[in-house]
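Enquirer: coords below, sequence missing:
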């Protein structure tokens, strides 16, 4: 394992642990004095170790002794985390003599760890002055993939596009950031463009920025390339001035390859005058840097796309079958499987193709390579160069993002990870650091956005608003992550085999194959996942478990052992057949997420309302089997009175607002919603007409609400939502109303942040279009049996951002009128079951018309 990677993991472990120590000391103010003092001593020692690790991260190539040292640091950090959790587990359970024994036991554990840290401290001094081997590369940057001699197969279209951009006549200097993940062919593409256009410029230069440590080094090289005289004592300011003077009235093209630091570009641009039709091309993995530099229309971004399957196969066959570039029929199947793992990434295609070209072209030999790709990617494997390129992106991550990125090791290859699920898991693990004025969920979303912009995590599916709904990692990147996670005891992936694959130190367990039953102690397990693998039996030994995600397992009853897992923060039994949850769930005082979506649970016991830390409560079932939309598609849950106690709730979906016999407590439940002021998402079903006003008053007390879904008691029961006149939720972005509306609620027109609105079975006599057309950010509008009129008219200049218009079951609608200049951003028009519609406007070729 690369020593820098090991150091990064240890550094992350220590940094997170220090945060936990501070938080622990703040909460547990009544700690026994000797325990409190011992924890303070641990904190002091850990901070000094953290400083050494950060210092080591600024140097190169630490030796194997240092690698062993930082692994010891990691192990002790894990041990301290175990002690803190053990204390938290037992503090409310023990009294009297047993409490004394428990405290004495924990104090002894702390002393043992303190002794280990003191021993580590004695060896630490030698590393504060240790000598590292110097290289030209700055920290976290591996030699970029050398694509200079690679035929740009698959890049014909972007090469033509960038060449045209480079040669286009414009008076100003223009900048193009070429952004893509490691090994995506950025350098290959830009080298091809540069070589074809450089003779059209008076000055041309190519600098691999990552090879130089200082701004002065880069400026010096640039000056030398342009023949600019340099004095021995020239500094950054002097060189900047000389270069600017030289280039002021000349046309130039400059490539800055492999940019990692924004400040490097910001300093270089001062030396580059704006004018004379010049061009600057910058390649980088860091999409976040490119985005932050994009101001004005003179700076653009070209995002590298994966090679198409056809182009990927062509490149692969060229490398694997260098003689004729043709794949034999008996190797086609295994070739396709290898190409699927490469997923259009040129680096993987080229390196694996080269490896296979040296092997015997037999099916057995190729399958052997296919099945051993993960081991070949390790440090001594034949594909280790791929990992060297990938690992530079990992090393460049700040401490707080390293754990978040490694968390992808838990999920199987090509698994569709939902964005919100991932962020909630990070929070439950304690990876998300609090920021003033921001919720943990918002900070977690920022983490994910940065990992996507750094081209480490992929956004596989985007929602209507451009945010990712499904994320994942490249198959080859996952192999690197799995290797790090295994070596650093971050996560153990169970794909079958004997119990020897599990140890007492296992901290996260991902079950991805076969039935699973724990037959021996795993006292350190923090997280347990299963992925549709069969029967799973949870052990009562998982006392320190914080995350239990066994969605999709064949469960018919709630596992009773779960209520003994007192430190649990995240519980998902989604897509199981459980029918009820026990009152003893209230013992899980630390629970933050309870996900019972797509189960048979229809009632939540009153005891659950004692879970004061609960942030996300999802209890509902959707009938997705129906091809035609049905009114009762979503089945919610009944909750006892006292919902107002859950003051930390961010998500509540979907709560039933009525019962068979109307009782005063049901009214109090609706009124009690007004105390849930932190809600971001609220779903209510079976709302009676007479309860509409009370619901409106409660919603007015939810200033942070982003998503609201309300369904009436029945398809013929009106929704009375007119009472929200004083303070509608100004931040609302998504609104779903299901049920008859006697008139359109006027407050909707004031929701300037609204991006999506679905009106279903509204049966409005008045046209809703005039009330919606001025909403500045509305992207999606669905009307399903929502309007009984005969015509919809869209005026010029209205709906400035609308991309999706969905019109269904409008039985009286006969014509749609779109004035010239209306719906300027429309991309998709969906029309279904509008039997009388005869007049459909002609659409431009960029709009997709879908008839259902």
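Expert: Happy to help now that I have it. These numbers were taken from a predicted model, which means no experiment stands behind them.
Enquirer: strands of the stretch 151-300 of the chain, start to end?
Expert: Secondary structure of the stretch 151-300 of the chain by DSSP state E, counting those that start in this stretch: the strands cover 174-179, 203-208, 252-257, 279-284, 299-303.
Enquirer: what strands flank the first one, and is each parallel or antiparallel?
Expert: For strand 174-179, sheet partners with direction are given as strand 279-284 (parallel), strand 299-303 (parallel), following DSSP bridges.
Enquirer: rounded mean pLDDT for that strand, please.
Expert: Averaged across strand 174-179, pLDDT comes to 96.
Enquirer: again, but for the shortest one
Expert: Here the mean pLDDT over strand 299-303 is 94, rounded to a whole number.
Enquirer: where exactly do the helices run in the stretch 101-250 of the chain?
Expert: Taking DSSP state H, counting those that start in this stretch to define them, one finds helices in the stretch 101-250 of the chain at 156-167, 186-197, 215-225, 236-247.
Enquirer: coming back round to it: tell me which of the strands paired with strand 174-179 sits most buried.
Expert: strand 279-284 (a mean of 25; mean count of other Cβ atoms under 10 Å). Using the backbone N, CA and C atoms, a C-beta is placed for each residue, glycine as well.
Enquirer: before we move on, back to that, looking at the strands paired with strand 174-179, spot the one closest to residue 336.
Expert: strand 299-303 (26.1 Å; Cβ to Cβ).
Enquirer: could you point out the helix or strand that follows that closest one?
Expert: helix 309-320 (DSSP states H and E).
Enquirer: run the angle between the helix or strand just after that following helix and helix 309-320 for me.
Expert: Using DSSP H and E, the helix or strand that directly follows helix 309-320 along the chain is helix 332-342. Here helix 332-342 points in a direction 110 degrees away from that of helix 309-320 (axes from the mean of the first three to the mean of the last three Cα atoms, to 10 degrees).
Enquirer: picking that back up, output the strands paired with strand 174-179 as TSV; include the columns distance to residue 778.
Expert: What follows is the strands paired with strand 174-179, written out as TSV (distance: least, Cβ to Cβ, whole Å):
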stretch	distance to residue 778
strand 279-284	35
strand 299-303	27
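Enquirer: redo the strands of the stretch 151-300 of the chain as TSV? Include distance to residue 502.
Expert: As requested, the strands of the stretch 151-300 of the chain are exported to TSV (distance: least, Cβ to Cβ, whole Å):
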stretch	distance to residue 502
strand 174-179	41
strand 203-208	45
strand 252-257	45
strand 279-284	41
strand 299-303	42
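Enquirer: quick one: pLDDT of residue 207?
Expert: pLDDT, residue 207: 92.
Enquirer: that one touches residue 259, doesn't it?
Expert: No - the criterion here is Cβ atoms under 8 Å, and residue 207 misses it with residue 259 at 9.8 Å.
Enquirer: higher neighbour count, those two?
Expert: Shown here are residue 207 and residue 259; by other Cβ atoms under 10 Å, residue 259 has more neighbours (23 against 20).
Enquirer: can you pull the contacts of that one?
Expert: Under the criterion of Cβ atoms under 8 Å, 6 or more residues apart in numbering, the neighbours of residue 259 are 209-210, 265, 282-284, 286, 289.
Enquirer: which of the helices of the stretch 101-250 of the chain sits most buried?
Expert: helix 186-197 (a mean of 22).
Enquirer: now do the helix or strand where residue 420 lies: everything it contacts.
Expert: Using DSSP H and E, residue 420 falls within helix 419-429. Applying Cβ under 8 Å, 6+ apart, the contact partners of helix 419-429 are 403-404, 407, 432, 440-441, 444-445, 447-448, 467-471, 526-527, 546-547, 549, 569-570, 572, 592-593, 615-616.
Enquirer: for the helices of the stretch 101-250 of the chain, give me CSV that also has distance to residue 633.
Expert: Shown next, in CSV, are the helices of the stretch 101-250 of the chain (distance: least, Cβ to Cβ, whole Å):
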stretch, distance to residue 633
helix 156-167, 43
helix 186-197, 46
helix 215-225, 60
helix 236-247, 64
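Enquirer: and those helices: which comes nearest residue 776?
Expert: helix 156-167 (32.0 Å).
Enquirer: do you know how far the nearest residue to residue 355 once chain neighbours are set aside is from residue 356?
Expert: Among residues not flanking residue 355 along the chain, residue 382 sits closest, at 5.4 Å (Cβ to Cβ, 6 or more residues apart in numbering). Between residue 382 and residue 356 the distance is 10 Å, computed by Cβ to Cβ, to the nearest Å.
Enquirer: the two: which is more packed in?
Expert: Just comparing residue 382 and residue 356: by other Cβ under 10 Å the higher neighbour count belongs to residue 356, 22 against 18.
Enquirer: low-confidence ranges in the stretch 351-500 of the chain?
Expert: By pLDDT under 70, the low-scoring segments of the stretch 351-500 of the chain are 379, 497-500.
Enquirer: just list the residues touching the one residue sitting closest to the centre of the chain, thanks.
Expert: Centroid-nearest residue in the chain: residue 448, 3.5 Å away (criterion: Cα atoms, centre = their mean). By Cβ under 8 Å, 6+ apart, the contact set of residue 448 is 404, 419, 422-423, 457, 468, 471.
Enquirer: same check on residue 850?
Expert: Residues in contact with residue 850, defined by Cβ under 8 Å, 6+ apart, are 828-831.
Enquirer: and which of these is nearest to residue 375?
Expert: Using Cβ to Cβ, those come closest to residue 375 at residue 828, 45.8 Å.
Enquirer: could you give the number of residues near the closest one?
Expert: For residue 828, using other Cβ under 10 Å, the count is 14.
Enquirer: and if you look at residue 590?
Expert: Residue 590 has 17 nearby residues by other Cβ under 10 Å.
Enquirer: repeat for residue 398
Expert: A count of neighbours around residue 398, defined by other Cβ under 10 Å, yields 11.
Enquirer: residue contacts, it?
Expert: With contacts defined as Cβ under 8 Å, 6+ apart, residue 398 has no neighbours.
Enquirer: could you pull out the helices in the stretch 651-800 of the chain for me?
Expert: Under DSSP H, counting those that start in this stretch, the stretch 651-800 of the chain gives helices at 664-672, 692-699, 769-772.
Enquirer: is residue 246 in contact with residue 228, as I believe?
Expert: Yes - between residue 246 and residue 228 a contact is recorded at 5.1 Å, counting by Cβ under 8 Å.
Enquirer: confirm for me that residue 472 is in contact with residue 415.
Expert: Yes - between residue 472 and residue 415 there is a contact under Cβ under 8 Å: 6.7 Å.
Enquirer: these two: who's more crowded?
Expert: Between residue 472 and residue 415, counted using other Cβ under 10 Å, residue 472 has the larger neighbour count: 22 against 14.
Enquirer: quick one: that one from residue 408, how far?
Expert: 8 Å.
Enquirer: quick check: neighbours shared by these two?
Expert: Residues touching both residue 472 and residue 408 comprise 417, 457, with contact defined as Cβ under 8 Å, 6+ apart.
Enquirer: so, low pLDDT: which residues of the stretch 101-250 of the chain?
Expert: Ranges of the stretch 101-250 of the chain meeting pLDDT under 70: 101-109, 111, 113-152.
Enquirer: tell me who's in contact with residue 435.
Expert: With Cβ under 8 Å, 6+ apart, residue 435 has these contacts: residue 443.
Enquirer: what's it sitting at in phi/psi?
Expert: Torsion angles at residue 435 (phi, psi; degrees, to the nearest 10) stand at phi -130, psi 140.
Enquirer: do the same with the one 10 residues further on
Expert: For residue 445, the backbone dihedrals (degrees, to the nearest 10) come out as phi -60, psi -40.
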